[in-house]
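A.B. asks: sequence first, then the predicted structure, then my questions.
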2 protein chains.
Amino acid sequence: MTDRKRVVIVGGGFGGLALARGLRSANVDVTLVDRENHHLFQPLLYQVATAGLQPGAIAVPIRGVLSKQKNARVLLDEAVGVDLERKVLHLARGKELPFDYLVAATGARTNYFGHDDWAKYAHGLKTVRDAIRIRERVLLAFEEAEMETDPARRKMLLTFVVIGGGPTGVEMAGAIRELGKSVLAGDYRNIKDEDIRVLLVEMAPRVLMPFDPELSEKARLALAELGVEVRLGEPVSEVAEERVRIGEEWIDASIIVWASGVKPTSFAAKLGAPLDRAGRVIVGQDCSIPGHPDVFVLGDAASFTPAGAERPLPGLAPVAMQQGRYLARIIANDGKGLPRPPFVYRDKGAMATIGRRRAVAATKRLKLSGFLAWIAWGLVHVAYLIGFHNRLLVLFEWTWSLVTAKRGARLITANIHFRDTPGRRPELPPLIVERHGRRTRMPGERRSLDS
Amino acid sequence: MTDRKRVVIVGGGFGGLALARGLRSANVDVTLVDRENHHLFQPLLYQVATAGLQPGAIAVPIRGVLSKQKNARVLLDEAVGVDLERKVLHLARGKELPFDYLVAATGARTNYFGHDDWAKYAHGLKTVRDAIRIRERVLLAFEEAEMETDPARRKMLLTFVVIGGGPTGVEMAGAIRELGKSVLAGDYRNIKDEDIRVLLVEMAPRVLMPFDPELSEKARLALAELGVEVRLGEPVSEVAEERVRIGEEWIDASIIVWASGVKPTSFAAKLGAPLDRAGRVIVGQDCSIPGHPDVFVLGDAASFTPAGAERPLPGLAPVAMQQGRYLARIIANDGKGLPRPPFVYRDKGAMATIGRRRAVAATKRLKLSGFLAWIAWGLVHVAYLIGFHNRLLVLFEWTWSLVTAKRGARLITANIHFRDTPGRRPELPPLIVERHGRRTRMPGERRSLDS
């Protein structure tokens, strides 16, 4: 059986994994390459960043997911280039990987829109590392505020700014506010609920732009009620160490989260196909790139514009998953000589949660908000988690947190350095987080330490 | 009420936390200082290192444990010195902390017995960081072996050496063997059970020296049956990069775990009191240091020899916990002018598990081994975990792993670099783990990268 086609998938996110699993009965050999060992359920990553979930509850080893699929193998490696003529993928570690079909499901990374230097001060939220880093810095900010005597610095330490009013930004801002409100404040003797300030900054005139304006307004009201300051229609004009400029106003903040945009990872551009303005690969109606019917791009890395539509599909998990399943059918059918119908996206709606017990959700026919929307949000998210283990774990943590108002993952596992540095705070040297030997700057650490 | 005595506890381990909680009704003000934000249930740390448990299942924020205890506060800070005359503790971040009673419950760290340079190659297991580091390196070794074509290097990658035949070493060796046996091998297409080699090296003539010889032999047999090579009576004479010399024989190994000994953390010695040969502070029958009846040392940092006994008590969690509860009574009674009876240790026995479903346990009257001992081991460990949340979480993970033979925490969250370095392996460059920007050497990485 040497006629088995070799399908190489780059990326084990929603799209790549849906494709690999969709090919389980196909007469092909599947190789999935990912530079992480785990598939990550990104929609709940903000809960890891706010100590609500452990990383292991929303991440599963890709190898484990595909371990029983006989025609699939998994490589922990990084795709660094491709030779479309010879049909080989170049890997950082392995040899060249020949393919008959290549699918780039490489997803997106944080986009600072030309201000990559802001990455030092404003944390992206795309990987488990990002989430743990934010979690530890938020917890350390509280620790530092608990002992701080200088009112201005104390205010800064307890100010958190989330940039970007999409679902991630809205959920993140709500979760930080709630972490301060009900969860942490009780643990700290000197921190009161009103000391904590959370800002959500969005350039557009409303949050959750893809949603119906009515739901955007409901979300804004729910955020305001929770105590989040929502700043709409104001761009972030500068980000610096422990401060951010919103329009003309500088705001001092200990943690700045950047949830403002994404761009494709670098691999997609290496295919040599035309890109849209957002850097995504423009694909045809079958998700293939021009001139190469055996090379596909899906999900966040692709710019797919449905026939007759004006704009490409948004970068959402359901798009990637549906494209993954679609490509599985296409590739299986190719072997049978069947034609390729165009990909059709079925929009099942969108949802976002605001703190505990509230959410907004919208499908084409139905708009929901409040507690009912929150229940729906929870059920949908648990259902889409991969593996029974993680579903049980997330349900357990949510139930626990609902019953006790506590969160189970409030750990700082990094090495904290208690450094007595000369600086703006003579009395209280900053806490510095170290990971395996290397310091990264913490709120309050002087830049001179960063060398 | 200015006559409330100030009790300062350094360290939130078993002893420090037992003391703080024991003082909840006493007419004192308790300050607990720890440089980590969490209490760690160290007896199960090896399960984090072998992907069986998430860190959050065995660590709890100290602040959360004491949040409802009105007379206690928690400081995230490092005790760097003490002035016994002025009765103040020096902290790295905060001001001086005055005390009426000072208790050093500072525990122990890995002891390389004068070979601190071995720490680079042989991983200790005392912190969550240590455990995550071992977990990621073990998982990466499997990833690398899966693709390795050079037989010698492949053999090295799948060889794991645990140094030290105490409970930690025995449990660690058993857990690594089992991880390879039933859990991981199925996920890797090219790794078979017999490819994996786990060695347990102990200088003494038997494992589990504190136990009865009969149980030591049972443990050795159970380890052998599991497939662990137990090397007794042979000292480790050298440790280098990816290899270790046992007696005269050099063994190539990807992961070397150092479970051979501990010594007190540096704070204990700063009290200026006499130390025993192991570096522990010699304390009197009330756990106080000579000449300072208000300054105590407990647990692993203390050398407490019961009246009439020849040797000091071992460094075990029950000793620390009992001393913590004892000191709570002593300090409360001091206020009432009551005398101090000497501390009496009640030996409740010892236990160790070997892989899944087997353990050895011994009390003064009873010796247990096999499945029954394993059930007892599990119940005791769950019972001593702090917090209902973590008990449920550990029970869930254990049940899951018993039913499915899978482990739920097989994540590599560090940043993996796929680096094409010139070296002994022209075809397959090594995986390198990075944490927030700084590389630490991985199995296979050449030393030249370590600068």
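C.D. replies: That came through, no problem.

A.B. asks: do I have it right that A:Met172 meets A:Ile256?
C.D. replies: No - assessed by Cβ atoms under 8 Å, A:Met172 is found out of contact with A:Ile256, at 11.3 Å. C-beta coordinates here come from the backbone N, C-alpha and C atoms, glycine included.

A.B. asks: what touches both of the two?
C.D. replies: A:Val162 (Cβ atoms under 8 Å, 6 or more residues apart in numbering or on different chains).

A.B. asks: against which helices or strands is the helix or strand hosting A:Glu217 packed?
C.D. replies: Using DSSP states H and E, A:Glu217 sits in helix A:213-226. Applying 3 or more Cβ pairs under 8 Å, 6 or more residues apart in numbering or on different chains; DSSP states H and E, one finds that helix A:213-226 contacts helix A:167-178, strand A:228-232, strand A:359-362, strand A:367-370.

A.B. asks: mind giving me the packing neighbours of the longest one?
C.D. replies: Helix A:167-178 makes packing contacts with helix A:45-49, strand A:159-163, strand A:197-202, helix A:213-226, strand A:228-232, strand A:255-258, strand A:350-353 when contacts are defined by 3+ Cβ pairs under 8 Å, 6+ apart.

A.B. asks: Throw the helices and strands packed on helix A:213-226 into a markdown table and include mean neighbour count, thanks.
C.D. replies: Formatted as a markdown table, these follow (neighbours: other Cβ atoms under 10 Å in any protein chain shown):
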| stretch | mean neighbour count |
| --- | --- |
| helix A:167-178 | 26 |
| strand A:228-232 | 19 |
| strand A:359-362 | 26 |
| strand A:367-370 | 18 |
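
A.B. asks: would CSV of those with mean pLDDT be doable?
C.D. replies: Shown next, in CSV, are the helices and strands packed on helix A:213-226 (pLDDT from 0 to 100):
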stretch, mean pLDDT
helix A:167-178, 95
strand A:228-232, 97
strand A:359-362, 92
strand A:367-370, 90
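
A.B. asks: mind putting these into JSON lines with distance to A:Leu157?
C.D. replies: Shown next, in JSON lines, are the helices and strands packed on helix A:213-226 (distance: least, Cβ to Cβ, whole Å):
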{"stretch": "helix A:167-178", "distance to A:Leu157": "13"}
{"stretch": "strand A:228-232", "distance to A:Leu157": "17"}
{"stretch": "strand A:359-362", "distance to A:Leu157": "30"}
{"stretch": "strand A:367-370", "distance to A:Leu157": "33"}
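
A.B. asks: compare these and give me the one nearest B:Arg24.
C.D. replies: Nearest of the helices and strands packed on helix A:213-226 to B:Arg24, taken as Cβ to Cβ: helix A:167-178 at 28.7 Å.

A.B. asks: ok, the closest residue in space to A:His389 that isn't next to it in sequence - how many residues close by?
C.D. replies: Among residues not flanking A:His389 along the chain, B:Gly408 sits closest, at 5.2 Å (Cβ to Cβ, 6 or more residues apart in numbering or on different chains). Counted with other Cβ atoms under 10 Å in any protein chain shown, the neighbours of B:Gly408 add up to 26.

A.B. asks: next one: A:Gly272
C.D. replies: So A:Gly272, with other Cβ under 10 Å, has 14 neighbours.

A.B. asks: same question, the one 5 residues further on
C.D. replies: Here the neighbour count serves as a burial measure; for A:Arg277 (other Cβ under 10 Å) it reads 6.

A.B. asks: where's it relative to chain B, distance?
C.D. replies: 29 Å (Cβ to the nearest Cβ, to the nearest Å).

A.B. asks: that residue and A:Pro264: what is the separation?
C.D. replies: 12 Å (Cβ to Cβ, to the nearest Å).

A.B. asks: of all the residues in the stretch 201-350 of chain A, which one is nearest chain B?
C.D. replies: Proximity of the stretch 201-350 of chain A to chain B (Cβ to the nearest Cβ) peaks at A:Phe267, 12.7 Å away.

A.B. asks: how about A:Gly22, nearest residue that isn't a chain neighbour?
C.D. replies: A:Gly22 sits nearest to A:Ala328 (Cβ to Cβ, 6+ apart), 2.6 Å away.

A.B. asks: and what of A:Gly124?
C.D. replies: A:Thr110 (3.1 Å).

A.B. asks: and the pLDDT at that neighbour?
C.D. replies: On the pLDDT scale, A:Thr110 is placed at 94.

A.B. asks: residues in contact with it?
C.D. replies: A:Ala119, A:Gly124, A:Leu125, A:Lys126, A:Trp258, A:Gly261, A:Val262, A:Lys263.

A.B. asks: nearest to B:Asp195, of those?
C.D. replies: Among the contacts of A:Thr110, and counting by Cβ to Cβ, the member closest to B:Asp195 is A:Lys126, at 35.4 Å.

A.B. asks: verify the stated contact: the closest one with A:Gly261.
C.D. replies: No - counting by Cβ under 8 Å, A:Lys126 does not reach A:Gly261; the two are 11.4 Å apart.

A.B. asks: helix or strand for the residue lying closest to A:Trp398 once chain neighbours are set aside, which one?
C.D. replies: Nearest residue to A:Trp398, sequence neighbours excluded (Cβ to Cβ, 6+ apart): A:Gly378, at 6.6 Å. Using DSSP H and E, A:Gly378 falls within helix A:371-384.

A.B. asks: between helix A:213-226 and that helix, find me the angle.
C.D. replies: 100 degrees (axes from the mean of the first three to the mean of the last three Cα atoms, to 10 degrees).

A.B. asks: the residue nearest to A:His389: what secondary structure?
C.D. replies: Of the three states, B:Gly408 takes coil according to DSSP: H, G, I helix; E, B strand; the rest coil.

A.B. asks: dihedrals phi and psi, it?
C.D. replies: Main-chain dihedrals, B:Gly408, degrees, to the nearest 10: phi -90, psi 0.
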